[in-house]
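>>> predicted model follows, preceded by the sequence.
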Amino acid sequence: MERPLTQHMKSDGTALSLKEYEASGGYEGLRKALKMTPLEVMNLVKDSKLRGRGGAGFPTGMKWSFVPMGEDAPKQKYIVANGDEMEPGTFKDRLLVELNPHMLIEGMIISAYAIGASMSYIFLRWAYHLGAKRIQVALDEAYQAGYLGKNIMGSGFDIDMDLHTSVGRYICGEETALLNALEGKRANPRNKPPFPQVSGLFGKPTIVNNVETYCNVPHILAKGAEWYLSLSQSEGGGGTKLYGASGRVKNPGVYELPLGITLRELVEVHAGGMQDGYKLRGILPGGASTDFLTPDHLDIKMDFEEVAKAGSRMGTGLIIVLDDKTCPIGMCLNLEQFFAQESCGWCTPCREGLPWTAKLLQGIEDGQGRPEDIDILSGQTRYMAPGNTFCALAPGAMEPLQSALKYFREDFEEHIHTHHCKYQHH
Amino acid sequence: MAKVYIDNKEYEVPEGKNMLEVCLSLGLDLTYFCWHPAMDSVGACRQCAVMAYRDENDTRGRLTMACMMDAVDGARISILDDRSKEFRAENIESLMINHPHDCAVCDEGGECHLQDMTIMSGHNYRRYRFKKRTHVNQDLGPFVKHEMNRCIQCYRCVRFYNDYAGGKDFGVFASSGRVFFGRSEEGTLESEFSGNLVEVCPTGVFTDKTLHKHYTRKWDLTSAPSVCQQCAVGCNTLSSERYGKIRRTMTRYNGDVNGYFLCDRGRFGYEYVNDEKRLTRVAQKNQTSGLDAFEAIKAHLATKPKMIGIGSPRASLESNFMLRQLVGADNFYLGINKIEAEVVKSVYDVLQNGKVRTPSLGEVENYDTVFVLGEDVTNTAPMIALGLRQASRTLPKEKAFALKIQKWNDAAIREVVQDDKGPFFIATPYATRLEDIATGVHYGNTEDLVNTAMKVAEGIAKGSSAGSDFIKETVEALMASKKPLIVSGSGMMSQDIILAAAKIAESLQDAGKDVGIVYAIPEVNSMGTAMMGNAGALEDAMQRTAEDKNTTAIVLETDLYYRADEASATSFLNNCNHVILLDSMENSTTPMVDYILPSGTFAESDGTCVNNEGRAQRYYQVFKPNNDMLSSWAWLDMMINQTTEARPFDNIVSEMTTALPVFSAIRDLAPDADFRIGTQKIPRQTHRFSGRTSSAANISVHEEKPPVDVDSPLSYTMEGYHGNPPSADIPFYWAPGWNSVQSINKYQIEVGGPLHGGNPGVRLIEPNKNGTIQFNGRKDIKGKGQFEVLPSWLIYGSGEMSAQSPAVAKRVPEAVITMSDKTMASKGISEHQLIKISHPKGEIALPVHACSSVPDNVLLVPYGLKNTMGIQFPFNTDLE
């Protein structure tokens, strides 16, 4: 099985140097791209059915096609990599930037070529110190080798790239908040429309894609759309996907697998199944801001369509596993506290609703819950539904809670009724 | 027009609006917080959620924020459907979870948008049972009180203070439920517009500190439509009284003037009205005071003495006119010095005889290119500066509109505009507070600035420019502009500056531009008094009394020691046989006069003023004081007619407009005193006014008959018509369910648009299409000396009356002589060193302050401070 994103990574945990990357076929995609027109590059990416790996799964080529092109288009455009990976339970981009930063850089250069951007930024999570170091080394190498800078590889195309490390807020992963942060402003999300493709960084056309998304681009260029589509087991998109698992499974980690493998294969084969003595109770399929799935859902395909049909989202594709000895309310509390803390404070439902939600869950977990709390909590999930808030943070935060209220309702009731959490042994 | 459907009713609405504006304009009630008619939409508070439907077959709908929804043809929403109603109530419940519910002790209580919206949303039961977050409040200086715990995080404050008004010392801090609005550290808010936070804030986070000192609930205030007296812009205000004290000033909406805002001098500069130094009794020197003194004045006047009158730019047209009637036009003098009189007359000349139109303040923000010549607008006419700040975004905003971003989509526009500035050039004697939006600045003395301006004018006329980069860039920008605006004023006390600015405007008009010219002038009625015709200046009056000592001088609202140097003022007062003073406050002149007649300020009198635009505006007496105070024109009328009661205001206006046809439009400025709605007058007191039967019960349990107002259609009681009065006569904003200032919506034809019946005020000056201004360059500079001494202007300090208001007084800086670092070094002077400079009528000693922007041949002395008043600018001097 081909694993284009990870197969060349070194087992000693060091990053591929430029030479090693080139030896593994690196920068071939870029070489090909520069011989094509930007429109051909864009169409190839469209044909490959590459979909955004940040969580929403938006077709990448289509996203690019909204950027104004041609003579009348603004001269200044930007490419931005969203490496602010702060979704609880998600650690795939970290692997990519630590072990093969050139792949990201190459993908971004190709993308910049496709939309006519001359400046690009890698926006990296604050905590990824090692990744930052390795990206910087790779950037220096790429500049030295003439992959970055003026007239790269004699093509006449100029592209600069900078690393920007975030100050550590989850909201910076929201693409428009990321742009504000990059501009040095408060990291509040922006209203859409206008979309960043039209008015993005510094008010100029901008493409923001996830790190993993960019990492796919060099391979699509190098080997073509047909090949890329053949990697996938999903109708909805091409390529492989970095899946992963955390929780009480035998083999937690990140695994590159064809897009569209079943949840059962992911849990039972690649994650090695549950640790001894634990039973599977629920799964957050794609990070903290997705709805719980249950053991009944194990046979669905892990792709954007099927997970949605099952009432959740594929999100980042890194699952969090809930076992039968961990309190689901405690888990929700942990997540909601995180989301409450990370609210930017711009819109009312998120700013006020999330702290209230977290306090209600804390009360229930502490045995102080009241019968009416369940109604208030489900009211909150409706109040913070998609569209009601300014950005997707609060609706995302409501996804684990609303599904927990559905699947683990008896736990909530028992906590409130018995005034204690039976999962706590002290 | 677009056809939209709201709750299945069809409405025709103007294009380019959002659904919230549309709903409010149609008179529908919809809750909102973050949207503001002057600051548009950002979609933060989620309070205006409505159900939006694709078409008539869509039965599910989608919850949508009305403020972020285009009111395009076919748009279909419901305000009344259950889910959106429920959401709006939930949203209020949410944003109230940390609110302290301290309405009873909150200054906003009773006029709180949050209270109104809470009631409107239907939320009434609180389910949140956890601890509330609390904040530490800051001392933000003498104007604005801070109580962050009440905050509902609508972000209006920071959007106004930083984004709209260009403030730099205010911000939003922290995140999530801990969001904090204030300064990074405690301290006085630096923006000249900070007081607007009081009205912009939908609840009691930012409240009026001056009101707090003598607090009264809105419903207990007696209010009248007024006009700000603290500069020549004439912003419309609401002035409110209780128990004989003015309690506060609020914005009176006028789309043609100040819109929704006021500057801090205007808002907080009212407190002198309540000062202990107010003159309240008729007084005769060395005699007992009382109304007998007035009989003595009348007896004296009956002897037909030789009289002169000293008029005043801070008195109403009517008062100045009645003084002119009393003494005769030939004996009527302006209470200002010759230079100032010439400068103001030039402005009037340019606006009336030149070909370029002066726009209203409301129009200023629509210009796309600005050139400021010589004027420190932020300090002389602050609200014009606020308008100019918006104008600097006119061109950059076009980029956003080209991306099809809607005009109301404020956040999106700001993302596109970023820090881009439209062409904005400033040529002044020192750095002004508009520097941050300028694309070019130039500093110079009067000669330099006039020459610069003339080169700009020539460059435009010739279509090519010669000279400095500044000149070239300015010419290029003005020539590229569609709608340029030239801004100047009396700040440098130079006729040449006024005329040079006029020449630039004229050349732009000749080049086919839609150009405007705006002048800042010194005082509230400077223009009105200039329009009264050729009157001598103060120096002429002084010369006349020096020649003929047998003269009775009638001095109207003028402190001679403010207007002239001490020696001249004293000898004038000594030279006059009799001096009769009509004024409102003790000052250096009052001990020197024979008779004092206590005049009402704007609060205790009626009158008309003409602003810098030539707009006549009426202000109304707020309350009847319990002492001898009367409008100056009333005193003068009784002096003329030897009566004990003045004729009503309308008679005075009619006499004035007949005698001075230039003012004839003033007849239609506001309804006559006998105007009634049905049979009812317009009450100055609210329908909820309390304590009427008990407020004087400590004196008598019998309720006194309320005073009758023969001068206007307003009554001093709570009885009368409580609907929308004529636009010139709105004493307060209040509508059912809308107790806060946000009820202005209900007085407008459409939100943010003109008031029902049109914005008040009439323009008296229109340009002459075929006119031309004669000016060929700088005249010879008078006086000897290496340095030109120019006035520096202070928003807090350079206003004679406002500076005596305690809150404003706290902001008045120490008087200093400002000079360039180079001058200081070359003369061996150090910072703070006390130095003496001589002026034509004496000398002043002040500490020195260095400022890098001041040209090496210029010294600056603050205008109108206690130790600099009476100095005539400009003059030349040497440094020893």
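Arrived safely, thanks for sending.
>>> for B:Phe173, grab phi and psi.
Taking degrees, to the nearest 10, you get phi -120, psi 160 for the backbone angles of B:Phe173.
>>> ok, A:Leu257 next?
Per-residue torsions, A:Leu257: phi -140, psi 160 (degrees, to the nearest 10).
>>> tell me the bridge partners for it.
Residues in a beta bridge with A:Leu257, per DSSP bridges, are A:Lys241.
>>> repeat that for B:Gln748.
B:Leu755.
>>> residues in contact with it?
The contact partners of B:Gln748, by CB atoms under 8 Å, 6 or more residues apart in numbering or on different chains, come to B:Ser25, B:Tyr253, B:Pro754, B:Leu755, B:His756. Where you see a C-beta, it was placed from the backbone N, CA and C, and this is true even at glycine.
>>> hmm, which of these are the buried ones?
Buried subset of the contacts of B:Gln748 (neighbour count, 16 or more other CB atoms under 10 Å in any protein chain shown): B:Ser25, B:Tyr253, B:Pro754, B:Leu755.
>>> for the chain, which residues score under the pLDDT cut-off?
Unless you meant another one, I'm taking chain A. Along chain A, the parts satisfying pLDDT under 70 run over A:425-426.
>>> that's the wrong chain, I wanted chain B
Looking at chain B by pLDDT under 70, you get B:288-291, B:778-783.
>>> show me it divided up by domain.
B:2-95, B:349-521, B:787-877 (automatic domain parsing).
>>> what's the end-to-end length of the longest one?
If I follow you right, that is domain B:349-521. Domain B:349-521 has an end-to-end distance of 13 Å (CA to CA, to the nearest Å).
>>> wait, B:Ile730 sits on B:Ser226?
No: judged on CB atoms under 8 Å, B:Ile730 makes no contact with B:Ser226 at a distance of 10.8 Å.
>>> okay, and the common contacts of these two?
Both B:Ile730 and B:Ser226 are in contact with B:Leu238, B:Arg252, where contact means CB under 8 Å, 6+ apart.
>>> go ahead and flag the most central residue of chain A.
In chain A, the centroid-proximal residue (CA atoms, centre = their mean) is A:Gly54; its distance is 2.8 Å.
>>> doesn't A:Leu178 make contact with it?
No: counting by CB under 8 Å, A:Gly54 stays clear of A:Leu178, with 10.5 Å between them.
>>> need the residues touching each of these two.
The contact sets of A:Gly54 and A:Leu178 overlap at A:Asn82 (CB under 8 Å, 6+ apart).
>>> tabulate the domains of chain B (a markdown table), appending distance to B:Glu185.
Putting the domains of chain B into a markdown table (distance: least, CB to CB, whole Å) gives the following:
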| stretch | distance to B:Glu185 |
| --- | --- |
| domain B:2-95 | 26 |
| domain B:349-521 | 21 |
| domain B:787-877 | 18 |
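>>> mean neighbour count, the ones you listed: which tops it?
domain B:349-521 (a mean of 22; mean count of other CB atoms under 10 Å in any protein chain shown).
>>> ok, that one near chain A or not?
Yes: Domain B:349-521 reaches chain A (CB under 8 Å from any CB of the partner chain) through B:Lys399, B:Ala400, B:Leu403, B:Ile405, B:Asn409, B:Ala411, B:Ala412, B:Glu415, B:Val416, B:Val417, B:Gln418.
>>> in helices, which of those residues appear?
B:Lys399, B:Ala400, B:Ala411, B:Ala412, B:Glu415, B:Val416, B:Val417 (DSSP state H).
>>> not counting its neighbours along the chain, what's nearest the spatially most central residue of chain B?
The centroid of chain B falls nearest to B:Cys235 when counting by CA atoms, centre = their mean (3.6 Å). Nearest-residue entry for B:Cys235: B:Asn258, 3.8 Å, with adjacent residues in sequence omitted and distances by CB to CB, 6 or more residues apart in numbering or on different chains.
>>> list the contacts of the one you found.
B:Val233, B:Cys235, B:Asn236, B:Thr251, B:Leu361, B:Met383.
>>> rerun at 7 Å
Neighbouring residues of B:Asn258 by CB atoms under 7 Å, 6 or more residues apart in numbering or on different chains: B:Cys235, B:Asn236, B:Thr251, B:Leu361, B:Met383.
>>> surely the fourth one and B:Pro382 touch.
Yep, that's B:Leu361 we're talking about. No: contact criterion CB atoms under 7 Å: B:Leu361 and B:Pro382 do not qualify, at 10.9 Å.
>>> can you show me the helices along the stretch 551-700 of chain B?
Counting by DSSP state H, counting those that start in this stretch, the stretch 551-700 of chain B has helices at residues B:560-563, B:566-575, B:632-641, B:649-659.
>>> which single residue in the stretch 1-150 of chain B comes nearest to chain A?
Nearest to chain A in the stretch 1-150 of chain B, going by CB to the nearest CB, is B:Ser94, at a distance of 4.0 Å.
>>> list the contacts of the residue in the stretch 701-850 of chain B positioned nearest to chain A.
When scored by CB to the nearest CB, the stretch 701-850 of chain B has B:Gln742 as its residue closest to chain A, at 17.9 Å. Applying CB under 7 Å, 6+ apart to B:Gln742 gives the contacts B:His113.
>>> what does A:Leu354 give?
A:Leu354 is in contact with A:Glu336, A:Phe339, A:Ala340, A:Ser343, A:Ala394, A:Ala397, counting by CB under 7 Å, 6+ apart.
>>> now swap in B:Lys277 and tell me
B:Met585, B:Glu586.
>>> these two touch, right, B:Ser727 and B:Gly758?
Yes: in this structure, B:Ser727 is within contact of B:Gly758 by CB under 7 Å, at 6.1 Å.
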